[in-house]
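Undergrad: let me see the structure of the following:
(one chain, ligands or ions: 2)
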Amino acid sequence: MGGTCSGASLKNLPKKILIVGNSGAGKTHLLYSWLLGRNDLETVPTDSFNVERIVSGTCVYMMWDLCGCKDFRLKRRQFFHGTDGVVYVIDPTSDSVDAIDDLILVSSDRDLHHLPCLVLISRRNDAKTDWLVQVKDALRSHSGATHVMDVDIEDQKSINDALRQLDRMFDPTNGHQ
Ligand SMILES: Nc1nc2c(ncn2[C@@H]2O[C@H](COP(=O)(O)OP(=O)(O)OP(=O)(O)O)[C@@H](O)[C@H]2O)c(=O)[nH]1
Ligand SMILES: [Mg+2]
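TA: Numbering: from 1, shown residues only. Ligands and ions are numbered 1, 2, ... in the order given. I've put the predicted structure just below:
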């Protein structure tokens, strides 16, 4: 006999979040800073993915941090199904054409285009150009909620602010009392 699943229990399921962006953008650093509440971390390039359960305010997430290598881009589609939200991390010191093209690819994907999408621009101080206009333009075909902000992985407050912004995109009443 099949089981039943009430609306309430579905609502309490962790939200599946994909953390994507180019290699070295800071995805794994962010994930473990959110998990551990500290940013004095050493990371190694991610082979395939990391996944962690993160609780923040009223939100519970399963966060999937995907390898940013170009070779992994075809493989990463297998993670898209069932996603509830996307965190796209941009390294503004990287190849801008490639990073923007990839943001367009991800944000217009048939499984992701309608979901909340938080774009985090890391290493802003080292960037030569202002990315905000390019990023907003790249998100034109995205029909879900979007938010673009800087994140400084050397500053835990900035890391926490990014997570709270994600919380607000899922639950606007999430005040972290
Ligand atoms: N100063 C500074 N260092 C950063 C920033 N973002 C990433 N880094 C550093 O860059 C290195 C790579 O960061 P990771 O978090 O491993 O990068 P990733 O996006 O997970 O890369 P892949 O796993 O290869 O896809 C780490 O040593 C980070 O500390 C940033 O905004 N500022
Ligand atoms: Mg990584």
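Undergrad: do I have it right that residue 132 meets residue 150?
TA: No - under the criterion of CB atoms under 8 Å, residue 132 is not in contact with residue 150, lying 9.2 Å apart. Every C-beta, even on glycine, is put in place using the N, C-alpha and C of the backbone.
Undergrad: so what sits against both of these two?
TA: Residues touching both residue 132 and residue 150 (CB atoms under 8 Å, 6 or more residues apart in numbering): residue 121.
Undergrad: what's near enough to touch residue 112?
TA: Applying CB under 8 Å, 6+ apart to residue 112 gives the contacts 18, 80, 83, 86, 106.
Undergrad: hang on, I meant residue 51
TA: Per CB under 8 Å, 6+ apart, neighbours of residue 51: 62-65.
Undergrad: now those in JSON lines, with neighbour count?
TA: Converted to JSON lines, those look like this (neighbours: other CB atoms under 10 Å):
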{"residue": "62", "neighbour count": "16"}
{"residue": "63", "neighbour count": "24"}
{"residue": "64", "neighbour count": "20"}
{"residue": "65", "neighbour count": "25"}
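Undergrad: just give the closest residue to residue 98, not the sequence neighbours.
TA: Distance criterion CB to CB, 6 or more residues apart in numbering; nearest residue to residue 98, sequence neighbours excluded, is residue 22 at 7.2 Å.
Undergrad: repeat that for residue 84.
TA: residue 15 (4.0 Å).
Undergrad: is it true that that neighbour touches residue 87?
TA: No - Residue 15 is beyond contact range of residue 87, at 11.4 Å (criterion: CB under 8 Å).
Undergrad: got the contact list for the residue lying closest to residue 156 once chain neighbours are set aside?
TA: Spatially, and ignoring its direct neighbours in sequence, residue 156 is nearest to residue 39 (4.9 Å; CB to CB, 6+ apart). Taking CB under 8 Å, 6+ apart, we find residue 39 in contact with 29, 33, 153-156, 159.
Undergrad: quick one: buried ones out of these?
TA: Taking 16 or more other CB atoms under 10 Å as the criterion, what is buried in the contacts of residue 39 is 29, 33, 153, 159.
Undergrad: please produce CSV containing those, extended by pLDDT, distance to ligand 2 and secondary structure.
TA: Supplementary listing: those in CSV, determined by pLDDT from 0 to 100; distance: CB to the ion, whole Å; DSSP: H, G, I helix; E, B strand; the rest coil:
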residue, pLDDT, distance to ligand 2, secondary structure
29, 97, 8, helix
33, 98, 12, helix
153, 91, 12, coil
159, 97, 15, helix
